[in-house]
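the following comprises the amino acid sequence and a computationally predicted model.
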Amino acid sequence: MFISCVVFMTACQKGRTYFPKDLEPQEIEFVRFDKALLNVHETTVAQDVKVLYDEYPAFMPLWVEDVLGIPSADTLYLEQQLPLFMNDTLYGFKQTNAKEQEVFADVKDLEQAIGKAFARIQYLYPETEIPAFYLFVSGFQTPIYFNDEIIGVGADMYLGSDYEYYNRVVYEYQKQTMRKECIPVDVVSAFLFRTIPYTSQQIRLLDQMLYRGKIMFLTAQIFDDLPGYEVMGWTKEQWDWCVKNERAIWHLVMDKRDLFKTERLVLTGYLNDGPFTSEVSQDSPGRLGIWLGWRIAESYMEHNEHVTLQELMAEGDAQKILELSFYKP
């Protein structure tokens, strides 16, 4: 009878909802710096650069320094280098820019998805300030750019997994997340990692994978209409492999006593992106440690109905979470 009650309670808790259904999405609008850049022409570059600085005073200096690697005050050098960037052939800037304009001709779907997500973030953390959103071309350098007031999306990093020029700049396993529909999750997870502090006093694998796993769990709740593999940036086949082998994976981690290790190679092996998780199997996807952290956080919330999402995020005692999760795949 006791076992039946536990099973019933766990089943009920798996259906926990964390957000009201009537939350109004935040008004999100992308500033189209990607389009503005097309107004730069070789014959009028000095004038065009001045216009960009005048019209985008917050973003233009950041873009110049972080994408072009030029001091923002050195406009003379910028006027020489910008046309080279615009006419680059190695990475096909002209083709890439044309493709970007095609893929991002309409961004209302992105604005709506991000607006809904930030409404949920503000529900949890009312003090959250909504940043300004910019769409830009990064020269294949960065998908998401952050500072305290701005979130920039490098649209050229989301042109579709089969975009031909990606073969020159990324590994095959990285292409899975280089799709327009991946942007909302990437924006929100990056925002959460930036704003939710790492509170553990330890740097063990357990602590680090639970910190990252908690944020992925929260991201999954914010995007509760997405399958887990999309939140992780995996294929369905990769996710299914992990679910099928979850018990074996956990037993391997425990047998190797990796949870309490602090060696850099162990941490990066479990947590860093890659074609596979080197500490587990070449058949596994990368970042498997983060997925395990997510599963532990999920089990913890299922078994502790009184704990709120905010409390989960603030809890820095990884050992406590592990023990109270009753995680036993």
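Perfect, I can see it now.

only C-alpha atoms for contact and neighbour calcs from this point on.
Noted.

tell me the contacts of the nearest residue to residue 241 once chain neighbours are set aside?
For residue 241, ignoring the flanking residues on the chain, the nearest one in space by Cα to Cα, 6 or more residues apart in numbering is residue 284 at 7.3 Å. Going by Cα atoms under 8 Å, 6 or more residues apart in numbering, residue 284 touches 238, 241, 242, 276, 277.

ok, residue 284 to residue 276 distance?
Per Cα to Cα, to the nearest Å, residue 284 is found 5 Å from residue 276.

ok, residue 267 next?
Distance from residue 267 to residue 276, counting by Cα to Cα: 14 Å.

send the alpha carbons of the helix or strand hosting residue 302 over as PDB?
For residue 302, the element it lies in under DSSP states H and E is helix 288-303. Taking Å, rounded to 0.1, in the frame of the first residue of the first chain, the C-alpha atoms of helix 288-303 are listed here in PDB:
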ATOM      1  CA  LEU A 288      26.100  14.000 -21.100                       C
ATOM      2  CA  GLY A 289      27.000  15.300 -17.700                       C
ATOM      3  CA  ILE A 290      24.600  18.200 -18.100                       C
ATOM      4  CA  TRP A 291      21.800  15.800 -19.100                       C
ATOM      5  CA  LEU A 292      22.400  13.700 -16.000                       C
ATOM      6  CA  GLY A 293      22.300  16.900 -13.900                       C
ATOM      7  CA  TRP A 294      18.900  17.700 -15.600                       C
ATOM      8  CA  ARG A 295      17.600  14.200 -14.800                       C
ATOM      9  CA  ILE A 296      18.600  14.500 -11.100                       C
ATOM     10  CA  ALA A 297      17.100  18.000 -10.800                       C
ATOM     11  CA  GLU A 298      13.900  16.600 -12.400                       C
ATOM     12  CA  SER A 299      13.800  13.700 -10.000                       C
ATOM     13  CA  TYR A 300      14.400  16.100  -7.100                       C
ATOM     14  CA  MET A 301      11.400  18.300  -8.000                       C
ATOM     15  CA  GLU A 302       9.200  15.200  -8.500                       C
ATOM     16  CA  HIS A 303      10.000  14.000  -5.000                       C
END
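
ok, residues contacting that helix?
Counting by Cα under 8 Å, 6+ apart, 10, 13-14, 206, 209-217, 232, 270-271, 277, 307, 321-322, 324-327 sit against helix 288-303.

what's the answer for stretch 176-194, then?
Stretch 176-194 is touched from outside by 103, 110, 113-114, 117-118, 144, 151, 153, 155, 157-161, 212, 215-216, 219, 223, 230-231, 233-235, with contacts defined as Cα under 8 Å, 6+ apart.

residue 153 - that's part of a strand, no?
Yes: Residue 153: assigned to a strand according to DSSP: H, G, I helix; E, B strand; the rest coil.

burial of it, as a residue count?
Applying other Cα atoms under 10 Å, we find 25 residues neighbouring residue 153.

what does residue 178 give?
21.

what helix or strand does residue 101 sit in?
Following DSSP H and E, one finds residue 101 within helix 93-103.

so for the helix or strand following that helix, what gets flagged as buried?
Next helix or strand after helix 93-103 toward the C-terminus (DSSP H and E): helix 108-124. Within helix 108-124, the residues that count as buried by 16 or more other Cα atoms under 10 Å are 110, 111, 112, 113, 114, 115, 116, 117, 118, 119, 120, 121.

what's the answer for stretch 275-286, then?
Across stretch 275-286, burial judged by 16+ other Cα under 10 Å covers 275, 276, 277, 278, 279, 280, 284, 285, 286.

how about the strands in this protein?
Applying DSSP state E to the chain gives strands spanning 30-32, 132-136, 144-146, 150-154.

parallel or antiparallel, which strands does the second one pair with?
Taking DSSP bridges as the criterion, strand 132-136 pairs within the sheet with strand 30-32 (parallel), strand 150-154 (parallel).

residues touching the first one, excluding its own?
Going back to what we said before, that points to strand 30-32. The contact list for strand 30-32 (Cα under 8 Å, 6+ apart) reads 107, 111, 132, 133, 134, 135, 136.

just the buried ones out of those, please.
111, 132, 133, 134, 135, 136.

looking at these, which two lie furthest apart in space?
Distance extremes for the buried ones among the contacts of strand 30-32: the farthest pair is 111 and 136 at 15.0 Å, using Cα to Cα.

leaving out the residues flanking it, which one is nearest to residue 207?
Spatial nearest neighbour of residue 207, excluding adjacent residues (Cα to Cα, 6+ apart): residue 318 at 5.3 Å.

where's the one you found relative to residue 249, distance?
Computed with Cα to Cα, the distance linking residue 318 and residue 249 is 19 Å.

and residue 25, by the same measure?
Residue 25 is 39 Å from residue 249, by Cα to Cα.
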